[in-house]
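Peer 1: Sharing a model that was predicted from the sequence below.
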Amino acid sequence: MNENEIGEFRSGVRAWLQDNKPAAPSFLLPETFMEVGTDQQFEFLRRWQQKVYEAGYLGMSWPEAYGGGGQPQIMQEIVNQEMAAQRVPFVPNTIGLNWAGPLILDMGTEADKQRYIKNILSAEDIWCQGFSEPDHGSDLGNAQVRAVKDGDEYVINGSKIWTSLGSYAKYMILIARTSNEVPNKYAGLSFFLAPMTAHGIAPTPIKKLTGEYGFCQTYFTDARIPADCMLGNEGEGWSVAMKTLMFERGAVGGQAGGLSMMDLNINDIVELARRATRNGRPAIEDPLTRDELVKLVLEAKGNAVMGSRARIPALGGTYPTAVAMSGKLRSSELKRKMTRFAVSLQGANGARYISEDALDGGKWQRSYLNSFSGTIGGGTTQIQKNILGERVLGLPKS
Amino acid sequence: MIRFSEEQAMLLDTAREFCQKQSPIDAVRQVIQAGQPLDETLWQTMVDLGWLGVTIPEIYGGLGLDLADTVPIFEAMGRQLLATPMLASTLAAQVLITNGSDDQKNQWLPKIAAGQIATVALTEANGSWDPDQITTHLNQSASGEMTLTGGKVFVLDAGVANVILVSALQGDSLRWCLLDASELPDGAIQREVVIDETRRSYSLALSDIPIRADQVLPGTAFKKIELAGMLLITAEMSGGLDGVLAVIVGYLNTRKQFDRFIGSYQAMKHPAVDILMGSEMTRSYLYHAATVWRDETDDGIVESAVRMAKCCASEQFSEAGDRGIQFHGGFGFTYECDAQLFLRRALWSQYQFGDERHQRQKLSALLF
């Protein structure tokens, strides 16, 4: 595409988004695809995904034969940028669109592609992920859910935790142990595209600190799934899982696109400081509050300039991996601080919670409580600091 | 967006190598102990490298590069705690380039590029350098004779300076006066005791110093000079942060307590990572400010970028120095521990052109 064509396409996308962006509903929307907790929220977001797909703005670079657009990847990137700029809702089927879908296109059979891809795009089939286990946190290689072959089926036993969308999902990307008779723990793992409809699979919602639901613990009790839903060969589960994580982290392309969470940036906090009142006056007029706000702006801007410097190899300095390896730590801690501060901007009313009386329906209070998913999930802040200390500074192991 | 020029990349490599060679930590301690106002051999080597002329226009014998292009040099010097009159001379040259007449530039810029030492006198005993707060005045008698009256403090390298650029008020307006150090009365320049022992700092007493018309600069720009000073000191601080972090990491990896390297304790490891993050952020802000300084025409954007960088550096470097002492335990309490050299440098730098609280106050007005 030349620059004119790109510009034209971009303005077309923008116009469509502006015309079709759904009005804010009467209830609070979840902040990320991981937080979808009510049928009302789910249906709203699923309808939005359907609409975006029907307009041709999802899976634009996926093959036409399976329901994709067959277009260059750059078009999907433009759509994603415009979706972020217009702050439209996110699409709920992130695991399907951006993790499982690319994986199936990469290594699935023709039958897999025919069966799964189109319904991922249209949100007809929701996907979830069964990686983490209650006793093993982020230690994926140590997964203990058992899969024992019996004829043309596998019998699954055990449980998975933090299953986002577990109650709505039709399929799960599942990692399970098919053998203990192997030289190392990784070689005993296999990867499945498991139907959640099988008997003996019971996703049980977990109530979060926000009081909402959004995750499940998924129990497997002699659940039988067809043997042909294994992806890759028996014993190759670890390498398939690693490939999935590459898609998940955006390290390789091929994702179907769409937003996966509500954006929050420092300008939202500045804007809130003008609207919210402390002691009857706009928070931004209070000198101490202003100073705290400047500190947060400095941290947010600091994160942005760090990203910018990291793109210049000549400025790598003594610890050239420090910026890239600390991204999750810095962004999740910043979000926690911003949302905590957002509550404090409301003075006495900071004590309110999700209700009509609360500022913006209580979304800031909920957002602060939810922010711990970032500072805990995917390796806690404390674990991140161990990793940075050991791998970047070269300090001895704790 | 950060951009990094070819000139900067080249200077970065040269400067790092040079400063590492010229200023290992033993040499820093020797400089402190000797107490000499100037290491003339070292100074001449820097002059020969062309560093004093980097920002001076080519017609005056310099390289004609942007002030931002010197950032890597100051960063490298800060890394090794190398203190020379280059900071003072570069800043004084900026005053002349920005505010001087053609004659004044002709007279002094080629000399500065060739190694004559220049400095600026801005801050006063009340702790302010702000034109609204200073009390040094340029007075004019009925017959038209001008005199300069007042006093300055924290004048770097004044003891070896050939020329001093002094900020003063004429009525309510800021003026710059150019003093030839050889014309000052005996005793006008006195060495001060400052917390950073690598610095040579002086007070300047100004009692009815006669001023000729050709000693007054036609330009009156002040903020740009203040911001230039912040940018250069931030560069030094960014280097200093890298230096103190190396001292900390070195100790955490070699010192054992209770049969373990102390760096294996999370109580040490996690704050060390916090210092790393502070250092990375400072350096990013520094090169962002340098980019904006060179490329941006909007004064407010330049001011914000430079103040943000100085704010971040002030907070992070002083905290790193502070933790650096604590991490060394009993040894940290002794003069022999190198962490104190960095903490003292951090404290001196923190208060030059405003610490983090000062910067946040200014940023608050600039941002919202």
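Peer 2: Done, it's in.
Peer 1: Now do the strands in the chain.
Peer 2: Just so you know, I chose chain A. Counting by DSSP state E, chain A has strands at residues A:127-130, A:146-150, A:153-164, A:171-177, A:189-195, A:201-206, A:215-226, A:230-231, A:277-278, A:281-282.
Peer 1: my question was about chain B
Peer 2: Under DSSP E, chain B gives strands at B:118-121, B:137-140, B:146-156, B:163-170, B:173-180, B:189-191, B:201-211, B:256-257, B:260-261.
Peer 1: Next, format those as CSV and append mean pLDDT and distance to chain A.
Peer 2: For the C-beta atoms, the positions are set from N, CA and C on the backbone; glycine is no exception. Output for those, formatted as CSV (pLDDT from 0 to 100; distance: least, Cβ to the nearest Cβ, whole Å):
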stretch, mean pLDDT, distance to chain A
strand B:118-121, 98, 28
strand B:137-140, 97, 33
strand B:146-156, 98, 26
strand B:163-170, 98, 28
strand B:173-180, 98, 27
strand B:189-191, 98, 35
strand B:201-211, 97, 29
strand B:256-257, 96, 10
strand B:260-261, 97, 4
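Peer 1: Of all those, which one comes closest to B:Ser23?
Peer 2: Checking the strands of chain B against B:Ser23 by Cβ to Cβ gives strand B:146-156 as the closest, at 17.4 Å.
Peer 1: ok, the residue lying closest to B:Arg260 once chain neighbours are set aside - contacts?
Peer 2: Using Cβ to Cβ, 6 or more residues apart in numbering or on different chains and skipping residues adjacent in sequence, the residue nearest B:Arg260 is A:Pro396, 7.6 Å away. Applying Cβ atoms under 8 Å, 6 or more residues apart in numbering or on different chains to A:Pro396 gives the contacts A:390, B:253, B:260-261, B:263-264.
Peer 1: can I get the strands of chain A in TSV with distance to chain B?
Peer 2: Formatted as TSV, these follow (distance: least, Cβ to the nearest Cβ, whole Å):
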stretch	distance to chain B
strand A:127-130	30
strand A:146-150	35
strand A:153-164	25
strand A:171-177	30
strand A:189-195	31
strand A:201-206	29
strand A:215-226	28
strand A:230-231	38
strand A:277-278	16
strand A:281-282	11
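Peer 1: Out of those, flag the one nearest A:Met34.
Peer 2: So among those, strand A:153-164 is nearest, using Cβ to Cβ, at 4.2 Å.
Peer 1: tell me the angle that closest one makes with strand A:201-206.
Peer 2: Counting by axes from the mean of the first three to the mean of the last three Cα atoms, to 10 degrees, strand A:153-164 lies at 20 degrees to strand A:201-206.
Peer 1: what number of residues lie near B:Gly187?
Peer 2: By other Cβ atoms under 10 Å in any protein chain shown, 7 other residues sit near B:Gly187.
Peer 1: One more: A:Lys363?
Peer 2: By other Cβ under 10 Å, the residues close to A:Lys363 number 18.
Peer 1: how about the nearest residue to B:Ser318 once chain neighbours are set aside, what does it touch?
Peer 2: Excluding the flanking residues, the one nearest B:Ser318 by Cβ to Cβ, 6+ apart is B:Ala346, at 4.4 Å. Counting by Cβ under 8 Å, 6+ apart, B:Ala346 makes contact with B:237, B:240, B:244, B:317-318, B:320-321.
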